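1. A predicted structure for the sequence below; I have some questions about it.
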Amino acid sequence: MPPDSHSFTAPPASRRERRKEARPGELLDAALDLFVEKGYAATRVDDVAARAGVSKGTLFLYFPSKEELFKAVVRENLAGRFPEWNAEVDQFQGSTADMLRYCYTVWWERIGATRASGITKLMLCEACNFPQITQFYQREVVAQGQQLIRRILQRGVDRGEFRALNLDYAVYAVLSPMIFLMMAKHSEEACMPQEILMAPQAYLETQINTLLYGLCQSGTAPAAPSPATPSENA
């Protein structure tokens, strides 16, 4: 009697099939490494394919050009995360000052401390030379990031926690510490004297305290934990 089609279990995927399924992720991982290490202009698709252990032809099956490969890297590591971050803002129950502290902490853990932070340095250095990827990055990352920060600041104003703000410019007060920290991470010798040990969490805590003194209605920032020493964050 032939086996019941409803109870039939398909055999496990072969090694070749599993390898094929893994390739897009491996290619994106290799591309992120090389884009961060070399920049956009100097990264060749041949090198990405070699690092991922596939042929250039295989790479082009998934990503038809270097530009499309770069866009996929940005979506995988940055742009694709905004739905998650917006949902967290929607669900946050604390004060807006606490929300800003939380956003800085989460941003550092998920982006700033990772290889993905190198994408920002790449764009700052090469944007003028590649208008098409610049327009893409502006639309998918910059605009969404600014809109998210505007929502947070507007929440503080609407709840009476923050002063009335020019949001078009206030968003940059929040973004600037993040941008500096990413540049320091990927260009440390140029951004920081060698004798200074940069402790990212302590830096962000100092920046958020300074920011909240200017934002909050009372003119004094809400109490926060004592900043960690550099040795604790190294």
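-> Structure's in. What do you need?

2. Can you verify residue 123 is assigned to a helix?
-> Yes - Residue 123 sits within a helix when classified using DSSP: H, G, I helix; E, B strand; the rest coil.

3. From residue 43, how far out is it?
-> 14 Å (C-beta to C-beta, to the nearest Å). Bear in mind the C-beta positions are built from the backbone N, C-alpha and C, glycine included.

4. same deal with residue 173?
-> On the measure of C-beta to C-beta, residue 173 and residue 43 end up 33 Å apart.

5. And those two? Which one has more around it.
-> residue 43 (20 against 16; other C-beta atoms under 10 Å).

6. Need the pLDDT of the closest residue to the more buried one other than its chain neighbours.
-> The spatial neighbour of residue 43 that comes closest, neighbours along the chain excluded (C-beta to C-beta, 6 or more residues apart in numbering), is residue 34 at 4.6 Å. Note for residue 34: predicted pLDDT of 97.

7. got it, and the one 3 residues further on?
-> Model confidence at residue 37, given as pLDDT, is 93.

8. cool, residue 19 as well?
-> Residue 19 is given a pLDDT of 49.

9. Equivalent analysis for the one 5 residues further on, please.
-> With respect to pLDDT, residue 24 has a value of 91.

10. Residue 44: what's it in contact with?
-> residue 66 (C-beta atoms under 8 Å, 6 or more residues apart in numbering).

11. what does residue 129 give?
-> Residue 129 neighbours (C-beta under 8 Å, 6+ apart): residue 41.

12. Use 50 as the first number for this chain going forward.
-> That works, and once the first residue is 50, the last one we named lands at residue 178.

13. distance of it from residue 130?
-> On the measure of C-beta to C-beta, residue 178 and residue 130 end up 26 Å apart.

14. The residue nearest to residue 92 is in contact with residue 101, isn't it?
-> No - Residue 83 lies out of contact with residue 101 (C-beta atoms under 8 Å); the separation is 9.8 Å.

15. Run through this protein and note the low-pLDDT ranges.
-> Of all residues in the chain, those with pLDDT under 70 make up the ranges 50-71, 237-246, 267-283.

16. residue closest to the middle of it?
-> Central residue of the chain (C-alpha atoms, centre = their mean): residue 160, 4.0 Å from the mean position.

17. What's the local residue count around residue 81?
-> Residue 81: 22 neighbours (other C-beta under 10 Å).

18. how about the nearest residue to it, chain neighbours excluded?
-> residue 122 (5.2 Å).
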